[in-house]
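Participant: Sharing a sequence plus its predicted fold:
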Amino acid sequence: MGSNPIGSVVCFVSDFKNLVRRQNYAISMDYVKIKIHNMNLDVRKKSFPEDKNVPKEEKKDVLEFLRLASLRKINLRKKIGIHRLLKYMENLRPVLYYFRKSLDKITLKDVENFEKDLSSNKIRNPRNKKPYSDYTKCDFRKTLKSL
């Protein structure tokens, strides 16, 4: 077969296809999606009001936002799936931790300070104390904009 392991794999695959063709078998290329994360929105919704770092008045607003988003009343009438709703919920936590007041009372100056602190890595992940990645920062901005 040779010393090239990739070449031997390609040769093996082509030999297998030729064998299947000779035996008149049909190859089905069906793929099954394997869920690796337990995505339970109801459990996360129940745990969200228990979070002491989120202001009380905001807990109801966030849950109402998630309810409206699941009913296609937010985001230009596009369907928002469970994964996106969970992402919204998880991305809103650090934003609400930062402001520590009602979103109705947030001023433009507060949003500018949030953006400055987020860009300069002053806002960090509470689990590992590392700065958030650029993609996560972008998700925070999008989530805040959609709220």
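Facilitator: Ah, there it is.
Participant: Is the residue nearest the centre of the chain in a helix, a strand, or coil?
Facilitator: Residue closest to the mean C-alpha point of the chain, counted by Cα atoms, centre = their mean, is residue 87 at 3.9 Å. What DSSP: H, G, I helix; E, B strand; the rest coil gives for residue 87 is helix.
Participant: Let me know the pLDDT of the residue lying closest to it once chain neighbours are set aside.
Facilitator: Nearest residue to residue 87, sequence neighbours excluded (Cβ to Cβ, 6 or more residues apart in numbering): residue 139, at 6.8 Å. Any C-beta I mention is one placed from the backbone N, CA and C, and that applies to glycine too. If you check residue 139, the pLDDT there is 89.
Participant: where does residue 139 land in three-state SS?
Facilitator: helix.
Participant: Quick check: it touching residue 91?
Facilitator: Yes: look at residue 139 against residue 91 with Cβ atoms under 8 Å: they come within range, at 5.3 Å.
Participant: Now do the phi/psi pair for residue 128.
Facilitator: Residue 128 adopts backbone torsions of phi -120, psi 0, taken as degrees, to the nearest 10.
Participant: hang on, I meant residue 124
Facilitator: As for residue 124, its main-chain torsions (degrees, to the nearest 10) stand at phi -120, psi 160.
Participant: So for it, what's the nearest residue that isn't a sequence neighbour?
Facilitator: Among residues not flanking residue 124 along the chain, residue 131 sits closest, at 5.5 Å (Cβ to Cβ, 6+ apart).
Participant: could you measure the one you found against residue 93, distance?
Facilitator: Per Cβ to Cβ, to the nearest Å, residue 131 is found 16 Å from residue 93.
Participant: ok so, going back, out of residue 139 and residue 91, which sits in the more crowded spot?
Facilitator: More crowded of residue 139 and residue 91, by other Cβ atoms under 10 Å: residue 91, with 19 against 16.
Participant: ok so that one is a helix residue?
Facilitator: Yes: judged by three-state DSSP, residue 91 forms part of a helix.
Participant: ok now do it, which residues does it touch?
Facilitator: Residues in contact with residue 91 (Cβ atoms under 8 Å, 6 or more residues apart in numbering) are 136, 139, 140, 143.
Participant: Can you read off the pLDDT for it?
Facilitator: You'll see residue 91 listed with a pLDDT of 87.
Participant: I appreciate the help and will end here.
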